[in-house]
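A.B. asks: Have a look; sequence and predicted model below, questions after that.
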Amino acid sequence: MAPTIAPLYSLYGIRKRYGEGFRLDIERLDIPRNGVFAILGPNGAGKSSLLRILHFLEPVEAGELHFSEQRIDYPAPLKLRRRIAMVFQKPVMLSGSVRRNLTFGMRVRKQWHPERFESLLKELDLGGLVNAPARTLSGGEAQRVALARALATRPEILLLDEPTANLDPYNIRLIEHIIKRITHQEGTSTILVTHDVFQVRRLADHAAFMVGGQLVEMGAVDDFFNNPKDPRTVAYLTGELVG
Amino acid sequence: MAEHNENRAYMKTCYSLTYLMLLPLVLVTCTPAQPEVLRLATTTSTYDSGLLEVIAPAFELAYNVDLDIVAVGTGQAIALGEAGDVDVILVHARSHEDAFIQNGFGSERSDVMYNDFILVGPREDPAGIRGMLNAAEALFAVATAEAEFASRGDESGTHTRERQLWEAIGIDPTGATDWYSALGQGMGATLQFAHERGAYTLSDRGTFLALQAGLSNLEILVGGRSIDENEDPNLRNPYGVIAVNPAVHPGVASEFAQQFVSWITSLEIQAQIGEFGLDTYGQPLFYPDSMTWREANP
Amino acid sequence: MTPLTEIVLLTLKVSGIALGLATIVGVPLGALLGLSQFRGRSFIVGLVYTGMGLPPVVVGLAVYMTLSRSGPLGDLSMLFTPAAMIAAQVVIALPLIAGISMAAVDGLDQAIRLQLRSLGTSPTQELFSMLLEARLGVLAGIVAGFGGIISEVGAAILVGGNIQGKTRILSTAIVLETRRGNFGLGLALGGVLLSLAFVVNFLLMRLEARWRWRRR
């Protein structure tokens, strides 16, 4: 038997209600370490909620969440939270300049890595914006700042919630390029939530499909696309309305 | 940038917060060369007239002590003495002063000075009290005419005297009378009220003289132009000084308090009191009346 | 009368120290209340909002009875000192500053808070970063606190005693001059008080304008 690498996250019976009608209910899920793990699914599938739980930003009502084979209860230790970064679906710019936003994570950690800061500026084409007030940026600029801000502290785990939704091809190309680079060069484990089936094909190593707060199926990306097992997955991948 | 070192900044904040909270206490309690202080609570009439400001520096110089003067109504001045928050009181409400002694808050009351009360009212004098020699009789006329009357209503010395006058004629105007207003205010505000409303009121002569310029609607109706013309002994307004009893409040500066009592009743200061106001009003605002003074000027 | 400069300086000193103390305590307290959920929170919030409407003279009375020689803290001999006035003014300004800071932080988008946490803030860093985001509202609270104490007279005269050269501030000096019938002087002192308040508020508003620009 081939030696298996321990999963990054293991979820056991994770349950949480959100208001009326909608609930997250994941019986069992292992998210592998390294590479890009993509979560596909229609709106309201619970993808964003799952990301917040994986970021230890909110508690669950039932079940266990294991990280590196250790059970983590809410609230998680600050040290652990700081190993994870997230780009939200609607990035929130903090008041002040782009520079303040980009260096915020380093500053709260009392670190300063100017070379990291400079290379991110260059890679995400933000050089001309560092002194601009962050709240005046366009959607694509803000999304790039949010990604650079998340990456500034060299997170081990990067959570991305629809990072390229509503962006033009230029911004999409920049962002996808850097996701590939940090995943493969820096060994970051990336969890990517998206609607975009083609983006998953371009970036992901593993993919999962969620509907109505439940995990439908997951697998290595080739297997996932070539041999989908659940009829709902098939329907979604072929462009039908699911959910 | 502000978010830099927030954690450390927070700790610093906590420390400086603690220090700052303690600072006022430290400033007050731990100042080594704190000058000696004598605290005097007195009535607004003695302070606002300016008398104490004129005579106090001599005391501070002679005894090398700061004289802190808190000018409040007689009721509050006596309460401050009872609580031990002042060392000596100079007030004018004989019945309250006697109760103060009786309850052990002070051991001895000394006469200091006197002036007199007057009844003032609108020039038209609807109750017809002008020229009356007896204040109680005049108040009776006011009550009979149901002419508007303004009362201090603040437990001050003046208010206490006014109540005694009403009691003497067996009238309690504080009930449901619409011509009687208990203001709960100082003498100045009460005179101002009487001036605006054309009401009668009982005032000490000093305050009325000081504010007379702005009270064109009012004139002295009972009590005459000076104390010599005031025929009613019940309008005499004696001021007494009492040192707070150190047996009740060990913290008081009783030595300075005793020195103050001897000082303000001494011939020299008594003479100064008798001269105060002469140049401004053509008559003194206070008349010296200490035992020492009376013995020297029989 | 005490020289005017002395009165002005004491007014600034007393209200300045009181405002500083009330800010240092009230702003984090307000942020804490605005950010946290716990049993009894609404009770405390109710207390803070009630405190915003507390009549200053009641505060003065409570501070007097606490600091009186016959009161629990009588041994400190703080009555009739500037420290006593500062204590009373802190109690008056604190609920104003805490209450308005709380509302300001409470009014921020919850997404900001999640974003801050995601960026790795500790609870303390989160609190101060939220305050930074809400700084215009917090400043409004400080301005309200300043307005509440600079012109306050009831408590100041009760616990300070209006002692010449020691505890006489502008507002109590105005009361004294009014009592003495020196209405003109009282009004002039009122003008000085207003100018003082205006200068301080003007400086605070310059700060506000700068912050407003940076917030964009």
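C.D. replies: Right, received. Where do you want to start?
A.B. asks: What values do phi and psi take at B:Tyr200?
C.D. replies: Here is the backbone geometry of B:Tyr200 (degrees, to the nearest 10): phi -90, psi 150.
A.B. asks: Can you give me every residue that contacts the residue lying closest to it once chain neighbours are set aside?
C.D. replies: What sits nearest to B:Tyr200 in space, not counting adjacent residues and going by Cβ to Cβ, 6 or more residues apart in numbering or on different chains, is B:Gly121, at 3.8 Å. C-beta: built from backbone N, CA, C; applies to glycine. Counting by Cβ atoms under 8 Å, 6 or more residues apart in numbering or on different chains, B:Gly121 touches B:127, B:129, B:142, B:147, B:194, B:199-201, B:218-219, B:221.
A.B. asks: Mark which of these are buried, thanks.
C.D. replies: Applying a neighbour-count criterion of 16 or more other Cβ atoms under 10 Å in any protein chain shown, the buried members of those are B:127, B:129, B:142, B:147, B:194, B:199-201, B:218, B:221.
A.B. asks: rewinding a little: what strands line up against the helix or strand hosting the residue nearest to B:Tyr200, and which way round?
C.D. replies: B:Gly121 is part of strand B:106-122, with elements assigned from DSSP states H and E. Sheet pairing of strand B:106-122 (DSSP bridges) gives strand B:200-204 (antiparallel), strand B:218-222 (antiparallel), strand B:236-244 (antiparallel), strand B:287-288 (antiparallel).
A.B. asks: and of those strands, who's closest to A:Ala165?
C.D. replies: In terms of Cβ to Cβ, the element of the strands paired with strand B:106-122 nearest to A:Ala165 is strand B:236-244, at 79.9 Å.
A.B. asks: just to revisit the earlier point, what's the most buried one of the strands paired with strand B:106-122?
C.D. replies: Greatest average neighbour count among the strands paired with strand B:106-122 goes to strand B:200-204 (a mean of 27), per mean count of other Cβ atoms under 10 Å in any protein chain shown.
A.B. asks: Show me what counts as buried in the next helix or strand along the chain from that one.
C.D. replies: Next along the chain after strand B:200-204, taking DSSP H and E as the criterion, comes helix B:205-211. Of all the residues in helix B:205-211, those buried under the rule 16+ other Cβ under 10 Å are B:205-211.
A.B. asks: So which bits of chain C are right by chain B?
C.D. replies: Residues of chain C lying near chain B by Cβ under 8 Å from any Cβ of the partner chain: C:17, C:20-21, C:24-25, C:28, C:68-71, C:74-83, C:86-87, C:121-122, C:124-125, C:128-129, C:132, C:161-164, C:166, C:176, C:178-181, C:183.
A.B. asks: Tell me who's in contact with C:Gly141.
C.D. replies: Going by Cβ under 8 Å, 6+ apart, the list of residues near C:Gly141 reads C:26-27, C:30, C:96-101, C:104.
A.B. asks: Which of those sits closest to B:Leu165?
C.D. replies: For the contacts of C:Gly141, the nearest to B:Leu165 is C:Leu96 (46.3 Å; Cβ to Cβ).
A.B. asks: What is the burial count for that closest one?
C.D. replies: C:Leu96 has 27 neighbouring residues, counting by other Cβ atoms under 10 Å in any protein chain shown.
A.B. asks: how much space is there between it and chain A?
C.D. replies: C:Leu96 sits 24 Å away from chain A, going by Cβ to the nearest Cβ, to the nearest Å.
A.B. asks: wouldn't that residue be in contact with C:Glu152 here?
C.D. replies: No: at 11.5 Å, C:Leu96 and C:Glu152 do not qualify as touching, with contact defined as Cβ atoms under 8 Å.
A.B. asks: Please, which helix or strand holds whichever residue of chain A sits closest to chain B?
C.D. replies: Residue nearest to chain B within chain A (Cβ to the nearest Cβ): A:Arg107, separated by 5.4 Å. Applying DSSP H and E as the criterion places A:Arg107 in helix A:98-108.
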